[in-house]
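K.L.:
this one's sequence-less:
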């Protein structure tokens, strides 16, 4: 009948209740940015929604033969204006590279997407809980009116004996206390959610500014590189390295977001465990307060309740951060059982047997919260941190390769136009920038921890029984008893799909280059694929994320 005390079992019910597609074929044989008017509308959807682009090009696009007219006049060309190679131009390119690296290290795109989704979810919860709060407030007022009406009902006093009247009054007062308790619990939960929504809104605003800044820097970098290389890639190696870097950046961003979520869930669980410990100690103190000291007993029970409510709220928020992960401990059903016990806390304090039963439930959740913390630490240290370290090293190495390739290509042009001395100065500055490596920045710890309200006055603490204010820490579980680590796809999403998409893009590029080589007699041998826009790639990625929202963690 009582709750299980092992961390391997949840609390019993209390109270008991009834049971990316590749580019279209037609586009591949047209490496020039300057296309005649008919194919131009097809180039827009290709960047944002690849599948739609493929449908448009295969069903409505003109035959390949019609896509090879003589070169259009200059005013129709999409080739970017050629820029004179100057030392200032190359210095601006180096500065852009540093600024982009700084913002990329903060993972602003993924952070913005995640915070925005969280903000929308919490906003919906606040609205629904506001309606529920109004209903609970009305119920509390009704119960209070029942108590007042009974106190002033002289006819009932005359009809009933004093014993009957006292029994009915006790019943009405208990119903009022229960209603008031539910209202206060709900009010604390609503206040915590409202605070979360405010903090998330501020974070989304700040991240949106960073996101816009990074997009602007990408555009400037694209425009500068396109003007230097006439809208082409400087070499096949540049295309290959950029494509590989895009894949690695996406993987690193996913892993970094996973670590951020797991770290915050871990922090929330630790905070909840401490609150459960203190709440249990206060709950034990209630029975040791003399029965005639009603006010202190209620204050201690209220303090226990506030800590238990805050713990339940923190665990619930922890679950929301990892909404695709099934918690092996402190499951939603177990937290619902905890909330039911909390709702009856002022009734349970009156009866030793009910007090004991509630205590068993609280202790069980406390032990399982400790097991949850241990599980978090195992997954974070043994899986997430190792994967992130490996991915970050690969990403940094690829970034350096791409930068070296681009600077080599730029220096060749600088040396040709401005001489070897200028090229040497630019190379020295590039190497100096490489020495100032920008380490990835961890996001700050979660600022949305729910703290318990304090109800005991300073002088009341002196009446508390002797002893520690916290429970003894539960014995850690052995690795063989700890819940298994979730699947990699559940933690990071389907990362292998990224590599598949990358391989397909590289194959398409190689096929396009092969076509170009066979057209040497048409002066197309030196044409490379048009430089992709970083902003367009990001928009396509965001469209993919939006399409997968609800089915993957990210």
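P.N.:
Received the coordinates, thanks. These figures come from a predicted structure and were not determined experimentally.

K.L.:
quick one: buried residues of stretch 85-101?
P.N.:
Neighbour counts over stretch 85-101 (16 or more other C-beta atoms under 10 Å) mark 85, 90, 93, 94, 96, 97, 99, 100, 101 as buried. For every residue, glycine as well, the C-beta is placed using N, CA and C.

K.L.:
likewise stretch 128-138?
P.N.:
129, 133, 136.

K.L.:
same deal with stretch 287-295?
P.N.:
Residues residue 289 are the ones in stretch 287-295 that count as buried (16+ other C-beta under 10 Å).

K.L.:
for stretch 263-275, same thing?
P.N.:
Buried residues in stretch 263-275, counted by 16+ other C-beta under 10 Å: 263-275.

K.L.:
among those residues, which are in helices?
P.N.:
Using DSSP state H, the subset of these located in helices is 263-275.

K.L.:
so which of those residues comes closest to residue 228?
P.N.:
Residue 228 has its nearest neighbour among those in residue 263, at 41.6 Å by C-beta to C-beta.

K.L.:
tell me, how many residues neighbour the residue nearest to the closest one when sequence neighbours are not counted?
P.N.:
Nearest residue to residue 263, sequence neighbours excluded (C-beta to C-beta, 6 or more residues apart in numbering): residue 380, at 6.7 Å. When neighbours are defined as other C-beta atoms under 10 Å, residue 380 has 18 of them.

K.L.:
and what of the one 5 residues further on?
P.N.:
Applying the criterion other C-beta under 10 Å, we find 15 residues in the vicinity of residue 385.

K.L.:
can you give me the distance of residue 189 to residue 232?
P.N.:
58 Å (C-beta to C-beta, to the nearest Å).

K.L.:
over to residue 161?
P.N.:
Here the criterion is C-beta to C-beta. By it, residue 161 lies 100 Å from residue 232.

K.L.:
looking at those two, which one has more neighbours?
P.N.:
For residue 161 versus residue 232, neighbours defined as other C-beta under 10 Å are more numerous around residue 232 (22 against 9).

K.L.:
and the helix or strand harbouring residue 206, what does it pack against?
P.N.:
Using DSSP states H and E, residue 206 sits in helix 162-228. Here helix 162-228 touches helix 87-104, helix 108-151, helix 154-159, helix 294-321, helix 332-343, helix 345-348, helix 385-418, helix 534-548, going by 3 or more C-beta pairs under 8 Å, 6 or more residues apart in numbering; DSSP states H and E.

K.L.:
take the ones you listed and lay them out in CSV including mean pLDDT and distance to residue 239.
P.N.:
Converted to CSV, these look like this (pLDDT from 0 to 100; distance: least, C-beta to C-beta, whole Å):
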stretch, mean pLDDT, distance to residue 239
helix 87-104, 82, 18
helix 108-151, 88, 22
helix 154-159, 81, 89
helix 294-321, 91, 38
helix 332-343, 94, 48
helix 345-348, 90, 66
helix 385-418, 84, 10
helix 534-548, 57, 13
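
K.L.:
closest one to residue 194 among these?
P.N.:
Checking the helices and strands packed on helix 162-228 against residue 194 by C-beta to C-beta gives helix 108-151 as the closest, at 5.7 Å.

K.L.:
my guess is residue 362 meets residue 283, correct?
P.N.:
Yes - using C-beta atoms under 8 Å, residue 362 is in contact with residue 283, at 6.3 Å.

K.L.:
more crowded one of the two?
P.N.:
residue 362 (27 against 24).

K.L.:
doesn't that one belong to a helix?
P.N.:
Yes - counting by DSSP: H, G, I helix; E, B strand; the rest coil, residue 362 is part of a helix.

K.L.:
that one and residue 340, how far apart?
P.N.:
Per C-beta to C-beta, residue 362 is found 12 Å from residue 340.

K.L.:
same thing with residue 141?
P.N.:
Counting by C-beta to C-beta, the gap from residue 141 to residue 340 is 23 Å.

K.L.:
check residue 322 too.
P.N.:
The gap separating residue 322 from residue 340 is 24 Å, by C-beta to C-beta.

K.L.:
so those two - more neighbours on which side?
P.N.:
In this view residue 322 and residue 340 are compared by other C-beta under 10 Å, and residue 322 has more residues nearby, 21 against 17.

K.L.:
for that one, what are phi and psi?
P.N.:
Note on residue 322: its backbone torsions stand at phi -120, psi 60 [degrees, to the nearest 10].

K.L.:
how about residue 152, phi and psi?
P.N.:
Main-chain torsions, residue 152, degrees, to the nearest 10: phi -100, psi 10.

K.L.:
what is the burial count for it?
P.N.:
Residues within reach of residue 152, counting by other C-beta under 10 Å, total 8.

K.L.:
same check on residue 211?
P.N.:
The local packing of residue 211 (other C-beta under 10 Å) involves 20 other residues.

K.L.:
about what we covered before: so which of the helices and strands packed on helix 162-228 comes closest to residue 485?
P.N.:
Among the helices and strands packed on helix 162-228, the nearest to residue 485 by C-beta to C-beta is helix 385-418 (11.7 Å).
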